[in-house]
Structure formats: structure tokens, C-alpha cells
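*Asks:* 3D, please:
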Amino acid sequence: MQYDNNELTAPATCKEITVTLHHTGKLAKEAMGHNWVLVNTPDVAAVANAGMAAGLASNYVAAGDKRVLAATKVVGGGESTSVTFSTAALKKGGSYAYLCTFPGHYALMHGTFKFE
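*Replies:* Numbering: from 1, shown residues only. Next up is the predicted model:
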């Protein structure tokens, strides 16, 4: 249970970025869903915990959580989802974290997002 890349890099000249998540598993999202959530690195645990409290109906992302820079919906096996987001909140040379906020997943499903 992990992303296929533990590091993603985007050029700082990008004004908008699209990330697509393909869930290669077989289980439904209720049993083994995955999402992709971008945050400032120090916020990983807090965003994951807030997401668990928010529940599946909210895609395990707390409504209005300003720590979340971008997020996909939760998908099950064989499904895909994408998120397109503005880079206005990212700093050139910045390093961020991405994670899956499905309960219990973020310890293994996380990576580094560099904006260079």
C-alpha cells in the first residue's frame, strides 16, 4: 500500500498543476480507498487526523481545512481521479508533502512534492 512515486517535482514556472491518481487495487473505496492530498510538510499528521474525523462522505478531508493545498476525492480499486490546482499558494523552491488521508494510510502512503 503505497504510491508508485515517493517524490514529485513540478517546475516553478507552472501556473496550474494536474495530478491524476490511479487506484490499481481491487477493493471498494469503503474498504480500501485512496486519495491524494497536498499539504505543507508540518501539517501531515494534523490533516490526516482531521480527515479521519471528517469521514468518507467528505473524502477524508475536513471541509474548509486551509492546510489542504489540493486534494482528490477518494477512489476504490480500478478507479481514477484527478485534481487541478493553482500554484499561487506554493513557494518557488518549496518542498511539500502529499499523503493519503484514508484512515491508517498516511504512515505508508506519503511523499514529497517539490516546486522548483
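
*Asks:* nearest residue to the middle of the chain?
*Replies:* Residue closest to the mean C-alpha point of the chain, counted by Cα atoms, centre = their mean, is Val37 at 1.8 Å.

*Asks:* that residue touches Phe102, doesn't it?
*Replies:* No. In this structure Val37 lies outside contact range of Phe102 using Cβ atoms under 8 Å: 10.0 Å. (Glycine included, C-beta is placed from N, CA and C.)

*Asks:* residues near the closest residue to the residue nearest to the centre of the chain other than its chain neighbours, how many?
*Replies:* Distance criterion Cβ to Cβ, 6 or more residues apart in numbering; nearest residue to Val37, sequence neighbours excluded, is Ala71 at 4.4 Å. By the criterion of other Cβ atoms under 10 Å, Ala71 has 24 neighbours.

*Asks:* let's number from 35 now, not from 1
*Replies:* New numbering, starting at 35: the last item is Ala105.

*Asks:* run through the residues that contact Asn93.
*Replies:* Counting by Cβ atoms under 8 Å, 6 or more residues apart in numbering, Asn93 touches Asn69, Ala105, Thr106, Lys107, Val108, Thr135.

*Asks:* so which residues of the protein form helices?
*Replies:* Along the chain, counting by DSSP state H, helices occupy 63-66, 78-88.

*Asks:* point out the most buried one among the ones you listed.
*Replies:* Across the helices of the chain, the average number of neighbours (mean count of other Cβ atoms under 10 Å) peaks for helix 78-88, which reaches a mean of 18.

*Asks:* could I have that helix exported to CSV, CA atoms only?
*Replies:* Extracted C-alpha coordinates of helix 78-88, given in CSV (Å, rounded to 0.1, in the frame of the first residue of the first chain):
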residue,chain,number,x,y,z
VAL,A,78,0.7,16.0,7.6
ALA,A,79,-0.4,14.3,10.9
ALA,A,80,-2.9,17.0,11.8
VAL,A,81,-4.5,16.9,8.3
ALA,A,82,-4.7,13.1,8.4
ASN,A,83,-6.3,13.1,11.8
ALA,A,84,-8.8,15.8,10.8
GLY,A,85,-9.6,13.8,7.6
MET,A,86,-10.3,10.7,9.6
ALA,A,87,-12.8,12.7,11.7
ALA,A,88,-14.4,14.1,8.5
